[in-house]
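In: what's the 3D shape of this:
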Amino acid sequence: MWTCASPAPPGPPPTANPTSPSTSASPIATAPTCANATSPTSPNCDPKEIAAIELALRFKEDLAALGSLDKVRLSQGLSVGAVWTAFQTARRLGIEQALGSGFPAQLALWQVLARVLEQGSRLSAVRLAQVHAACDVLGMQRGFDENDLYSNLTWLSAHQEAIEKRLFLKRLGQRKPELFLYDVTTLAA
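Out: Purely as a prediction, here's the structure:
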């Protein structure tokens, strides 16, 4: 089963309080405090930061001389944009509210969003969730696999009428519809 936990970024986890510049392990977190200091000898400036700034200033015309990026390891996180856009659209259309709350509703919503993003099987929807921020955007607390999605179809079938009524009321309220569309296609024998 795939889990919703995002892989941890490389390196040790940050342990310092970001509001405390003197104990922060990240120079990025402390740079604004040090940069805003009135003097480089300010108590808010870590001596290592001062040395790094001085070194960068000495080589400001040729920063490449300081070293290469060969040791820098890049990794790509989960994709957010497509899931977020589809999720916000589903919210505006009332689909999220019509499905209700709880894990089965979240799975049903993911099935809708996965179909919008990419047509495919239940297994492909699980694989899609592994590269998109599905759990983060939908607020899922645990992972799922294709068996969960197939079981979710049973849940959807059992709740279909109530979901359709909620969607209908969201769209029309108490007004009567002026146009009915029917699927009249049949299979030729």
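In: give me the most central residue, this protein.
Out: Residue closest to the average C-alpha location in the chain (CA atoms, centre = their mean): Ala133, at 3.4 Å.
In: which residues touch it?
Out: Each residue near Ala133 by CB atoms under 8 Å, 6 or more residues apart in numbering is listed here: Ser6, Gly77, Leu78, Ser79, Val80, Val83, Trp84. From N, CA and C alone the C-beta is placed, and that goes for glycine too.
In: how close does it get to Val83?
Out: From Ala133 across to Val83, the span is 6 Å (CB to CB, to the nearest Å).
In: list the buried ones in stretch 148-168?
Out: Of all the residues in stretch 148-168, those buried under the rule 16 or more other CB atoms under 10 Å are Asp148, Leu149, Asn152, Trp155, Leu156, His159, Ile163, Arg166, Leu167.
In: which non-adjacent residue is nearest Glu118?
Out: For Glu118, ignoring the flanking residues on the chain, the nearest one in space by CB to CB, 6 or more residues apart in numbering is Leu128 at 5.7 Å.
In: show me what the helix or strand encompassing the one you found is packed against.
Out: Leu128 is part of helix 122-131 when elements are defined by DSSP states H and E. Contacts defined by 3 or more CB pairs under 8 Å, 6 or more residues apart in numbering; DSSP states H and E place helix 122-131 against helix 103-117, helix 146-172.
In: what does that helix rub up against?
Out: Residues from elsewhere that reach helix 122-131 (CB under 8 Å, 6+ apart): 2, 78-79, 110-111, 114-115, 117-118, 120, 134-135, 144-146, 149-150.
In: if any of the residues you listed are buried, give me the PyMOL selection for them.
Out: Of the contacts of helix 122-131, the buried ones can be selected in PyMOL as follows, counting by 16+ other CB under 10 Å:
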select buried, resi 2+78+110+111+114+117+134+135+144+146+149
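In: beyond the helix or strand bottoming out on mean pLDDT in the chain, next helix or strand please.
Out: Counting by mean pLDDT, DSSP states H and E, the weakest-scoring helix or strand in the chain turns out to be helix 27-35, with a mean of 43. Using DSSP H and E, the helix or strand that follows helix 27-35 towards the C-terminus is helix 47-58.
In: which parts of that next one are buried?
Out: Buried-residue list, helix 47-58, by 16+ other CB under 10 Å: Glu49, Ile53.
In: show me what secondary structure element comes after that helix.
Out: By DSSP H and E, the next helix or strand past helix 47-58 is helix 81-93.
In: ok so, going back, as CSV, the helices and strands packed on helix 122-131 with mean pLDDT would be great.
Out: Converted to CSV, the helices and strands packed on helix 122-131 look like this (pLDDT from 0 to 100):
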stretch, mean pLDDT
helix 103-117, 96
helix 146-172, 93
